[in-house]
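# Model the following, please.
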Amino acid sequence: MQQPLGKKLFLSFDLDVLDPKYYEVGIYTQGILSPEHISQLTQKLIRGHEIVGLNIAGYTPQAKEVVKQILAPLL
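From the prediction side, this is the model:
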């Protein structure tokens, strides 16, 4: 049985889920998601919740623009 989510939410993004055409991490294998897809998922996930924290794994200054796209629903 699934437990309902609480009202407080801590988000964590790992940039290696992105398709390399959007941002190349350069290690291991990467995912196939676009920033738009992650943004859409985030919008659904945060609905009705209070965001209490955020973690972005794999961030480098070169990722700034793609991270802004991903985080747009939170702003």
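# Spell out the residue ranges of the strands in this protein.
Shown for the chain, the strands assigned by DSSP state E span residues 8-14, 50-57.
# deepest of those, which one?
strand 8-14 (a mean of 13; mean count of other Cβ atoms under 10 Å). All C-beta spots, glycine's among them, are computed from the backbone N, C-alpha and C.
# about what we covered before: need the strands of the chain in TSV with distance to I38 and mean pLDDT, can you?
Below are the strands of the chain laid out as TSV (distance: least, Cβ to Cβ, whole Å; pLDDT from 0 to 100):
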stretch	distance to I38	mean pLDDT
strand 8-14	7	90
strand 50-57	11	90
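# Any idea which of these gets closest to E65?
Closest to E65 of these is strand 50-57 (Cβ to Cβ; 13.3 Å).
# got the strands of the chain as JSON lines, with distance to L41 columns?
Rendered in JSON lines, the data for the strands of the chain read as follows (distance: least, Cβ to Cβ, whole Å):
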{"stretch": "strand 8-14", "distance to L41": "10"}
{"stretch": "strand 50-57", "distance to L41": "14"}
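# Nice, that's everything, thank you.
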